[in-house]
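**Q** Quick one, structure for this:
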Amino acid sequence: MFQHLITVSPLGLMYGSAGAFLSPENLVGRSGAKFPPDAATLSGLFFSTNHVTKESITEHNELAQKLYVAGPFWAEKNTPETFYVPIPRHRIISIEKQDDDEWFLDDKQCWQRNSEPKKKDIEPDCFWQSIDSWKRKTRPIRTNKEAKKVPWEYVSFLHPKMKDDERHVMDRDGLFLENAVQMDEDYCLVYLSTHALPDGWYRFGGEGHTVEIASHPLTLDSTINQLLRPDNQIKRACALITPGVWGSNKLSYRYPKHPEFPRCGLKMLTDKAVPYRYRMGNRKTEAGRQGQGGQLGRGRYAVPVGSVYVFKKELNKTWWEFPDDWFPEARLLEKEGLSTKKSLLKKVGCGLCLPVEIQGVV
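**A** Presented below is the predicted three-dimensional model:
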């Protein structure tokens, strides 16, 4: 079970990764922006902190074997245990129109929406709900205001590059546009972890901006641990609350291509795949010295959060019980210089999913 909840509070602006191209509608470099940082970022912080601090978190090999993290989520600073997770895609909630709708399976096991004409125009404008409301119906989630929009916004500003001997910008490339994320000061990012990270200020993310991190103990009775308990196994349907990466480093699939995975009669409610990258850490040179810079893993695609899986037969597993063979094989990762067990992506919360109830699923 997850034993700790890690909160990350930005001390100022944070930066989202920008894509490699612009468009007429997107002139500030937000194409492909990615925020908040994924769980692999926090996992790397664990290992770097364990290496440099005098009082280590735990022995390195033990940390490599037993550390599991998952996220990203977010919450109000005063109530971090009531954090917000992605809404399953069969729930459609519009805060602006003060209305909601649902996808369901009809008698022919095809996806349908409510037949009322006024419902057909509803498009979701809210994609996060509190973890405490996970088992509630769509209407109570909206009326109880347990669904919210993200508490951050993208801002862009010009950075000057000054001359060494004058208070003027450089004649060439003196200004550049930077894309950042400004988070509401009353909110924080949230990650789940099996280990605690010492409280303090850290450099977090690829741009190394300063954040304040705190670890909060999670009890077995916490909502997330109750939803992941062995007696709350996934039956006929589940929804992803973190991106799902299935397949190998060269091929990405919408579900595990493993004989034991019940793909016969599988139905999905999902969207287009999203890019997924992870950093493999530093390599040692032949002389035994640490190499310069981290090695970025090959790009792959992930099934987006909120995607719903409906099985023909009961799955009868929790995410903790998913076999390692459902995740990318170790031998393919070893070719990239990373020698870990098969559960690498499971250790960073890949495909974390929770059971859901859908009308028409019996």
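**Q** Show me where the stretch 101-250 of the chain has its strands.
**A** Using DSSP state E, counting those that start in this stretch, the strands of the stretch 101-250 of the chain run over residues 111-113, 128-130, 147-148, 152-160, 175-183, 187-193, 200-204, 209-217, 237-240, 246-247.
**Q** Of those, give the one that comes closest to residue 49.
**A** Shortest separation from residue 49 across the strands of the stretch 101-250 of the chain is recorded for strand 200-204, at 7.4 Å, computed as Cβ to Cβ. Just so you know, the C-beta spots here come from the backbone N, C-alpha and C atoms, and that holds for glycine as well.
**Q** tell me, how many neighbours does the nearest residue to residue 212 once chain neighbours are set aside end up with?
**A** Leaving aside its sequence neighbours, residue 212 sits nearest to residue 9 (Cβ to Cβ, 6 or more residues apart in numbering; 4.5 Å). Using other Cβ atoms under 10 Å as the criterion, residue 9 is surrounded by 16 other residues.
**Q** For residue 321, which of the strands of the stretch 101-250 of the chain is the nearest?
**A** Per Cβ to Cβ, nearest to residue 321 of the strands of the stretch 101-250 of the chain: strand 237-240, 12.3 Å.
**Q** What pairs with that closest one, parallel or antiparallel?
**A** According to DSSP bridges, strand 237-240 forms sheet pairs with strand 308-310 (antiparallel), strand 353-355 (antiparallel).
**Q** Distance to residue 85, mean pLDDT and mean neighbour count for these - can I get that in a markdown table?
**A** Converted to a markdown table, the strands paired with strand 237-240 look like this (distance: least, Cβ to Cβ, whole Å; pLDDT from 0 to 100; neighbours: other Cβ atoms under 10 Å):
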| stretch | distance to residue 85 | mean pLDDT | mean neighbour count |
| --- | --- | --- | --- |
| strand 308-310 | 14 | 98 | 22 |
| strand 353-355 | 8 | 98 | 21 |
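**Q** Would you reformat those as CSV and include distance to residue 13?
**A** Formatted as CSV, the strands paired with strand 237-240 follow (distance: least, Cβ to Cβ, whole Å):
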stretch, distance to residue 13
strand 308-310, 35
strand 353-355, 32
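**Q** Which one, of the ones you listed, ends up nearest to residue 172?
**A** strand 353-355 (51.2 Å).
**Q** How about residues contacting the closest one?
**A** Residues outside strand 353-355 that contact it (Cβ atoms under 8 Å, 6 or more residues apart in numbering): 134, 227-228, 232-235, 237-241, 244, 309, 319.
**Q** From residue 236, how far out is the spatially closest residue to residue 111 that is not a sequence neighbour?
**A** Spatial nearest neighbour of residue 111, excluding adjacent residues (Cβ to Cβ, 6+ apart): residue 103 at 5.3 Å. Going from residue 103 to residue 236 by Cβ to Cβ, to the nearest Å gives 15 Å.
**Q** And residue 344, by the same measure?
**A** Between residue 344 and residue 236 the computed distance is 29 Å (Cβ to Cβ).
**Q** Name the residue most distant from the centre of this structure?
**A** Taking Cα atoms, centre = their mean, the residue of the chain most remote from its mean C-alpha position is residue 165, at 45.7 Å.
**Q** Drop anything exposed from the contacts of strand 353-355.
**A** 134, 227-228, 233-235, 237-241, 244, 309, 319 (16 or more other Cβ atoms under 10 Å).
**Q** neighbours around residue 161, how many?
**A** For residue 161, using other Cβ under 10 Å, the count is 11.
**Q** Hmm, residue 170 and it touching each other?
**A** Yes: assessed by Cβ atoms under 8 Å, residue 161 is found in contact with residue 170 at 4.9 Å.
**Q** quick one, what contacts the closest residue in space to residue 163 that isn't next to it in sequence?
**A** Excluding its sequence neighbours, the residue lying closest to residue 163 (Cβ to Cβ, 6+ apart) is residue 170, at 6.0 Å. With contacts defined as Cβ under 8 Å, 6+ apart, residue 170 is in contact with 161-163.
**Q** From residue 45, how far off is residue 170?
**A** Using Cβ to Cβ, we find residue 170 at a distance of 34 Å from residue 45.
**Q** Could you do residue 72 as well?
**A** Residue 72 sits 13 Å away from residue 45, taking Cβ to Cβ as the criterion.
**Q** could you point out which element follows the helix or strand bottoming out on mean pLDDT in the chain?
**A** Lowest mean confidence among the helices and strands of the chain (mean pLDDT, DSSP states H and E): helix 330-334, at a mean of 40. Downstream of helix 330-334, the next assigned helix or strand under DSSP states H and E is helix 344-347.
**Q** Report the buried residues of that next one.
**A** By 16+ other Cβ under 10 Å, the buried positions in helix 344-347 come out as 344-347.
**Q** tell me which of the buried ones among the contacts of strand 353-355 is nearest to residue 217?
**A** The closest of those, once distances to residue 217 are taken by Cβ to Cβ, is residue 228, at 16.3 Å.
**Q** how about the closest one, what does it touch?
**A** Residues in contact with residue 228 (Cβ under 8 Å, 6+ apart) are 1-2, 318-320, 354.
**Q** can you redo the residues you listed as TSV with distance to residue 150 and secondary structure?
**A** Shown next, in TSV, are these (distance: Cβ to Cβ, whole Å; DSSP: H, G, I helix; E, B strand; the rest coil):
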residue	distance to residue 150	secondary structure
1	27	coil
2	22	coil
318	28	coil
319	24	helix
320	28	helix
354	20	strand
